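**Q** Have a look; sequence and predicted model below, questions after that.
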Amino acid sequence: MVSLVPKSPCADLLPLAIAETTVSEVVPEAITLVAPFKGKKKTVSDALKAEVGVGFPAPGRMTGKQDARCIWVGPEQALVIGPAVSPDGAAVTDQSDGFAVIQITGPMAANALARLTPIDLRRDHFKPGHTARTLLNHMTCSITRLGAASFEILVFRSMAKTAVHELTEALKLLEGRAKLS
Amino acid sequence: MRYSGFQIFKQGLTGNSGWKPVWRDPTPKPEYDIIIIGGGGHGLATAHYLAKEHGLTNVAVLEKGYLGGGNVGRNTTIVRANYALPGNSEFYSHSLKLWEGLEGDLNYNVMHSQRGVINLFHSDGQRDYAARRGNAMINQGDDAILLDREGVRKHLPYLDFDNARFPIYGGLFHPRGGSARHDAVAWGLARAADSRGVDLIQNCEVTGIDIEGGRVTGVQTTRGAIRAKKVGIVVAGRSGQVAAMAGMRLPIESHILQAFVTEGLKPVIDHVVTFGMGHFYISQSDKGGLVFGGDLDFYASYAARGNLPMAEHVMEAAMALMPMIGKAQLLRSWGGIMDMTPDGSPIIDRTPIEGLYIDCGWCYGGFKAVPGSGFAFAHLIAQDRPHESATKYRLDRFRTGVGLMDEEGTGSQHNLH
Amino acid sequence: MRLDRSGGDVAPSLSFTFDGETVRARKGETVAAALLANDIRLVGRSFKYHRPRGIWSAGPEEPNALITLGRGAAQTPNQRATVQEVYEGLEVSSQNRWPSLKTDLLSVNDLAAPFLGAGFYYKTFMWPRAFWERVYEPVIRRAAGLGALSGAPDQEPYEKAYAHCDLLVIGSGPSGLMAALVAARAGSDVIVAEQDHALGGRLLAEVEEIDGAPAADWVAAAVAELEAAPNVRVMSRTTVTGVYDQGTYGAIERTAMHVADPGAAPRQTFWRIVAKASILASGAIERGIAFANNDRPGVMAAGAVRAYANRWGVSPGKSVTVFANNDDAHRTARDLAAAGVTVAAVIDPRADAQAIGDYPLFSGAQVTGTTGRLGLTDITIRDASGKDQSVWTDCLAVSGGWNPSVHLTCHMNGRPVWNEDLAAFVPAPDAVPGLFPAGSADGAQSTADCLRTGAEAAIAALEALGQTTEAPALPKAENGFTGHTPFWLVPGKKRAWLDMANDVTVKDVKLAAQENFASVEHMKRYTTQGMAPDQGKNSNVAALAILADATGRTIPQTGTTTFRPPFAPVPLSAMGAGARGKGFAPERFTTSHTATEDLGAPFVEAGLWYRPSYYPRAGETTWRQSCDREVQMVRNAVGVADVSTLGKIDIQGPDAAALLDFVYTNMFSTLKVGKVRYGLMLREDGHVMDDGTTARLGETHYVMTTTTAAAGQVMQHLDFVLQALRPDWDVRIASATEQWAQFAVAGPKARALLDVVLDGPIDWAAWPFMSCGNIGVAGVPGRLFRISFSGEEGFEVAVPARYGEALYRLLLSQASVLGGGPYGMEALNVLRIEKGFITHSEIHGRVTAFDIGMERMISAKKDCIGKTMAARPGLLDPARERLVGLKPTGAVKELTAGAHLFNMGAEAVRLEDQGYITSVCYSPTLGSFLGLGFLKSGPDRIGETVQMVDHLRGVKTEVEVCNPVFFDPEGGRMRG
Amino acid sequence: MRITCPYCGERDIREFTYRGHALAIARPAPDAGEAAWDDYLHLRDNPAGATQDLWHHGPCGAWVIVDRDTVTHEVAGSKAVAEVKR
């Protein structure tokens, strides 16, 4: 019996570090898209709390922590990142392999993202726990602020290489800029 | 006054004091045989051909601003006849023939330059469609050459052939295509129409269309009421408003198209080049500016100015296709108001109101159509039947589904053409 | 020449070259300052007449001193010498001259000027017709243009970035600094954008005191405060170039244009700044006066002369004269005299003008002419009594007053308003929502006014943002030098320049009026005034005044042309940063990409995806050989293809079936669980949008497959239907395209291959054609669909994408044992044409279900998107071009896609056109070329012979019209 | 231009795609007749001034009705289509 060897979306691409800023891949246990059916949001939120301890988030928000978190990704849609979930009352779609999950952390993280995303990343506008569906240059993505200088970016798996390229280029230019006298 | 090199020499020796006004500033008469609403390229061309082809000179062109102030004065000046579908094919072919005689016809140098248009393609599928289109052009009696990658390289060695995101497979070359000086077209037509007796009335905005018993009788304007036996509406992006004066709703949504020009540069681009994957087209003007554009801004607007994302997209397409122009500097950008139809093709037709005619829906292809549209619209107004080059530009085709001309194949959403 | 100033001036420490000659310069200087310091006045040649030109201004509005930087691929044309900072080793070249700047052959144009007036080219070059493209135009093109591109790709780094703030302050002169200070102290989030490398604006160029100390001290303190404030971001070398809707601003930062070795830093950065409010403190631009030969090197803007003297310690001349209609310009004489420069004369047309220092003043006088071939040597002064006298001078400082920099207020169609007192246009109120003009941009005349209006604008802006701020104590500052009388031109017969950049003279504007190009837009377009690199910043108002005079109207009656973005030129490489090469669009890779690369397969672009074209094997020299082999491999053994790029949409919910019935023409509510059905999707206008198979995985769970090209469009369409048309339905949709790696396994040995790979044993009887279900794939939970796009017994096997590469490699290794292997897009295309299966080559957006013979798939039992409009009479005309199969029967056995069809014996012209070919292939299975195409009344003409003509490729043949399903029309192979 | 997505807040228009006039949400009945369908798909008031149009916020998937002025580009407000149609 043969067995299939898994490969993560950024396996050949990450981690990397430029200008004291690191870009790394996170491979969660599972990513599950949870979309409550009509009138079932509360039920689903309760079920999620029971299953993994995080409630269904409000638009633009993340609930939970690193090991089990739930990020809003669209009207009536959230991704549970962590253990697999299957709450009743929701359309549940396994997306564990659908996204590249990239974290960027360090002094240039916010500046690098400000090269690529049109959203307002200022600290008091986009706080830890805030999340946004937006663009990473020409790609749709999800960006979540994890900490003062740490962000998590989700892009479609097939675009992992482009996403890493964009982040790398942004960081290199920032590094070059920092070296100007 | 006839223009020529000799005239320039003569006037130059006498202090250039002998040059005459290019057009009069007539006071509107109480009545005309024909009123053309709109003094843009198409309106002026209609007036010119009414006078020249049909001997109708008791004609007024009413322009709310200045002559040639609409899209004829803000476009990327491309002239071509390279359409795939019947209806468009014969129309643009006829228009190009008129272009080829326009300078002699008008005694005005509109700088029509047949420098060749090359439409690039980037996949086998695009090549096949380019071939279908090119064959349609030859079926129509126009010219087309299918270039492979090396053929394109010979003409356009400066394109990115090595590392392009969408590699160049080849191009459809239309040698008779080219460009012209846009303002000169309007001025030359205006001068010619004026010289035959047409009244060109500027700063005269039409505020109402008079209809009695289902028949048009004249117009209300900011300079008073003017009676007319026939009225033609040729107002491009403003078609919706003017048609509404006659109680009509049109299959048109007005959108913004931006265009761009760089500072003057020594010659680098000889042809008109279009980049299918990037919705980008470029040529270099005789003054040296690179003139280029892209897609619509995509939302309904009358603002005649664009937004940044599309401008950036156009610059990105430029850098992707021909990175050698990176150090050129954008000098000016502007926006025109495009009268978009559900199939991307125009309308030259009668309306349900007797004596009222409409010429609209040129989307962003109106410049090259200027003489053809004027010729066909003049014919329609004068003879009350369509010219053979424009029989398919029917107002009711969307309702009936007969003879749709959706060159892009994007369907009945106005902004997608 | 350099002035010998006490204080901080350092000796020139670096050198650069100008047309190959070494020039010594100080760090921080502009090229213009350094050239003037070295007594170089001749910098370029004019656009049309190739007149010698020097430096007019000290800022980005410079019309004359355009230079080229660098060489080779780094060659950068049309840079302003008045903006570019010097650095060690900088190479500067002059432009638009041949063979040299001093001896330019095309300066012969200047002699022919009487024949080259405004618009002369519209009146000639018409005969003989063919000469335009061949003779006249090439000559004109070569003569036109300014600098030259190198022709090499621009490979230097550039970037684009976003910034957000509460208040954007545009400009950092006294009003900008004051506004920024007020907002910063109020705790507002502020960005200050300044085009110069140093903040301070005119305060850097004037000798003034603020609060009893040199203005520069106040500037330094203000800058220090702003730079220290955590809520302020100072962006120097950054010019705001455009104003867009809802507080969006474009800006260009010359990030690393001032350093010799920029390394990896972006040369320039294009910013998109989003601000809740902004202060327009962009200052004013000095205007000239039109008089005979006022364009010579050495004739300069008076304020610029002060800037060179006061800021850089450079005098543009040894003997300076001033010609001005205002008090402000008298400061030029005062400052230069104080610096020890000879001031030969101040000529002021105002009879009551007063001197403010020790210099010879000619009040009520005018400058009527200049001399000096390559640079100014003398001017002629006509004094109040009408007597002419010549004065030796190498620098004439000219001022006709100041024009507020209203440009940005025009970007949203605002029309500036004529202010008679100022004799200038000022911003229209509320021209841009949220933009508050201040300082001289709003017509303020003195430093004191600038400081006051800057503070007021900031307070107003903050109030608009809901923040109340106390008015600050204003610093005490200069409040004089405001007297002026409008004065546009000195009458005369010789040419007097208005638009130096485009060589437009007073005569040209008058000629335009004479020829009735009386609208200001007509004048501009006819003369080209205002269309040069400075976009009329220096000349618009004067030209307008002259046009108004020539047409007997006032300036407000005459109106203005408008300013449009960008305010300052932006390199395409900055605004298009990141798009070179592969950066133009995201790249999408399948999980099998690496394995496919390992096999040497060339890739083709499919939308944003890359898919393999074919898999060459040893001995194969053409793609056709590989393709033929792959087709036969699928027909005789088994082939494997990655089909993951097709869109997969997960559809769940009680109303999932209703949604599918509504978006597809055919029924899906009747589909049984565990089954797959082909569906046809229309646009609402009745034309085909897409097609694909949809599987029912559970009672309320479907997975829809779209074509690769239409995946995004279909997803958006479903979103639209659910949100906008049927929000009552309880359905949730999700794109699952990326979750699954999916492979087609097709051929007589498909089962044999799957037997090895799937967790078995498999009861194949339970997997009839068009069935689907969950299944273990090498120990991993996967899905199996029995569907076929090849006409063979076929399956698609899907696993979570992390296993995609491993499964692909496994399938290939096991396939090879069975005589099978991978097949690419070319073979896939042949297989589907043999079967008459359509792709977007056929459903190209203009075809209906009727056209492709699928009208019966539009269910009569229900409504669906597109059904009503598909029934329009024009879309059901039997004579429409409809899908047929085509086979060559003539002497030429080839078909070409894009060829047109004609009846036998008909001429190949439009009126005879019967249709066209959309897809062709060589079928190794049937040993013939096959084609799919659209033919008028096609299905009624099966068996007929028509001609195919491809003019472009020179192919002409006879073809037989046949059923589009060429191979196994009964479908027995597929059903197994 | 910036548009407010009812879920995500104010965003750059580069995140949106435009569909056309908001009348697109009022699909006629299948038997509404030729004129009603012609109105729905083709004919437009095309106002120079206040209009309502439909935009799709691609990143989050929401369809949004935007009150907008076609002359000034002023955006007066926006709401989720799903809310309007509820």
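**A** The structure has been received and is ready for your questions.

**Q** Which of the helices or strands spans residue D:64?
**A** strand D:62-69 (DSSP states H and E).

**Q** any idea where the strands of chain A begin and end?
**A** For chain A, the strands defined by DSSP state E cover A:16-18, A:21-25, A:30-36, A:62-65, A:68-74, A:77-82, A:90-94, A:99-105, A:131-136, A:139-147, A:150-156.

**Q** For the ones you listed, give me CSV that also has mean neighbour count and distance to chain B.
**A** Placement of C-beta: from N, CA and C, glycine included. Shown next, in CSV, are the strands of chain A (neighbours: other CB atoms under 10 Å in any protein chain shown; distance: least, CB to the nearest CB, whole Å):
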stretch, mean neighbour count, distance to chain B
strand A:16-18, 15, 22
strand A:21-25, 19, 23
strand A:30-36, 23, 28
strand A:62-65, 20, 28
strand A:68-74, 24, 22
strand A:77-82, 27, 25
strand A:90-94, 24, 29
strand A:99-105, 23, 20
strand A:131-136, 26, 10
strand A:139-147, 21, 14
strand A:150-156, 23, 17
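
**Q** Rebuild the ones you listed as CSV, extending it with distance to residue B:245 and mean pLDDT.
**A** Output for the strands of chain A, formatted as CSV (distance: least, CB to CB, whole Å; pLDDT from 0 to 100):
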stretch, distance to residue B:245, mean pLDDT
strand A:16-18, 62, 98
strand A:21-25, 60, 98
strand A:30-36, 49, 98
strand A:62-65, 55, 94
strand A:68-74, 44, 97
strand A:77-82, 48, 98
strand A:90-94, 52, 98
strand A:99-105, 55, 98
strand A:131-136, 43, 98
strand A:139-147, 44, 98
strand A:150-156, 50, 98
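
**Q** Residue C:534 is nearest to which of the ones you listed?
**A** Residue C:534 lies closest to strand A:131-136 among the strands of chain A, at 35.7 Å (CB to CB).

**Q** if you look at the closest one, does any of it touch chain D?
**A** Yes. Against chain D, strand A:131-136 shows contacts by CB under 8 Å from any CB of the partner chain at A:132, A:133, A:134, A:135.

**Q** Run through the residues that contact the residue nearest to residue B:205 when sequence neighbours are not counted.
**A** Sequence neighbours aside, residue B:64 is the residue nearest to residue B:205 in space, at 3.6 Å (criterion: CB to CB, 6 or more residues apart in numbering or on different chains). The contact partners of residue B:64, by CB atoms under 8 Å, 6 or more residues apart in numbering or on different chains, come to B:203, B:204, B:205, B:206, B:222.

**Q** Ok, residue C:799 next?
**A** A:4, C:740, C:741, C:777, C:780, C:781, C:782, C:807.

**Q** between these, which has the most around it?
**A** residue C:807 (29 neighbours; other CB atoms under 10 Å in any protein chain shown).

**Q** and that one, helix, strand or coil?
**A** helix (DSSP: H, G, I helix; E, B strand; the rest coil).

**Q** Could you check the angle the strand holding residue D:64 makes with strand A:68-74?
**A** Interaxial angle, strand D:62-69 versus strand A:68-74 (axes from the mean of the first three to the mean of the last three CA atoms, to 10 degrees): 40 degrees.

**Q** Quick check: neighbours of strand D:62-69 in the sheet, parallel or antiparallel?
**A** Paired with strand D:62-69 in the same sheet, following DSSP bridges, are strand D:50-57 (antiparallel), strand D:75-80 (antiparallel).

**Q** Buried by neighbour count: which residues of the helix of greatest length in chain D qualify?
**A** The helix spanning the most residues in chain D, taking DSSP state H as the definition, is helix D:34-41. Going by neighbour count (16 or more other CB atoms under 10 Å in any protein chain shown), the buried part of helix D:34-41 is D:37, D:38, D:39, D:40, D:41.

**Q** Also stretch C:612-622?
**A** C:612, C:613, C:614, C:615, C:616.

**Q** For the residue nearest in space to the middle of chain D, name its beta-bridge partners.
**A** Residue closest to the mean C-alpha point of chain D, counted by CA atoms, centre = their mean, is residue D:54 at 1.6 Å. Beta-bridge partners recorded for residue D:54 (DSSP bridges): residue D:20, residue D:65.

**Q** Give the full set of residues in contact with it.
**A** C:724, D:18-22, D:24-25, D:63-66, D:81.

**Q** any idea how far it is from residue C:421?
**A** Relative to residue C:421, residue D:54 is positioned 49 Å away (CB to CB, to the nearest Å).

**Q** related to what we said a few turns ago, so which of the buried residues of stretch C:612-622 also contact chain A?
**A** Applying CB under 8 Å from any CB to the buried residues of stretch C:612-622, none is adjacent to chain A.

**Q** Let's see which of those end up in strands.
**A** residue C:612.

**Q** between the buried residues of stretch C:612-622, which is nearest residue C:330?
**A** residue C:613 (76.0 Å).

**Q** Just the pLDDT at that closest one, thanks.
**A** Residue C:613 is assigned a predicted lDDT (pLDDT) of 98.

**Q** can I assume it is in contact with residue C:604?
**A** Yes. Under the criterion of CB atoms under 8 Å, residue C:613 makes contact with residue C:604 at 4.9 Å.

**Q** For residue B:368, give its distance to residue B:121.
**A** In terms of CB to CB, residue B:368 sits 21 Å off from residue B:121.

**Q** mind listing the strands for the stretch 451-600 of chain C?
**A** C:497-499, C:504-505, C:570-571 (DSSP state E, counting those that start in this stretch).

**Q** Now those strands in JSON lines, please, with extra columns for mean neighbour count.
**A** Shown next, in JSON lines, are these (neighbours: other CB atoms under 10 Å in any protein chain shown):
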{"stretch": "strand C:497-499", "mean neighbour count": "30"}
{"stretch": "strand C:504-505", "mean neighbour count": "28"}
{"stretch": "strand C:570-571", "mean neighbour count": "28"}
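
**Q** quick one, which of the ones you listed is nearest to residue C:634?
**A** It's strand C:570-571; of the strands of the stretch 451-600 of chain C, that one is closest to residue C:634 (CB to CB) at 51.5 Å.

**Q** what about the closest one, near chain B?
**A** Yes. Legend: contact between strand C:570-571 and chain B by CB under 8 Å from any CB is shown at C:570, C:571.

**Q** Which stretch among the strands paired with strand D:62-69 is buried most, on average?
**A** Among the strands paired with strand D:62-69, the stretch with the highest mean neighbour count (mean count of other CB atoms under 10 Å in any protein chain shown) is strand D:50-57, at a mean of 21.

**Q** roughly how far is it from the heart of the chain?
**A** Computed by CA atoms, centre = their mean, to the nearest Å, the chain-centroid distance of strand D:50-57 equals 3 Å.

**Q** in stretch C:642-654, what's buried?
**A** C:642, C:643, C:644, C:645, C:646, C:647, C:648, C:649, C:650, C:651, C:652, C:653.

**Q** do the same with stretch A:4-19
**A** A:4, A:6, A:7, A:8, A:9, A:10, A:13, A:14, A:18, A:19.
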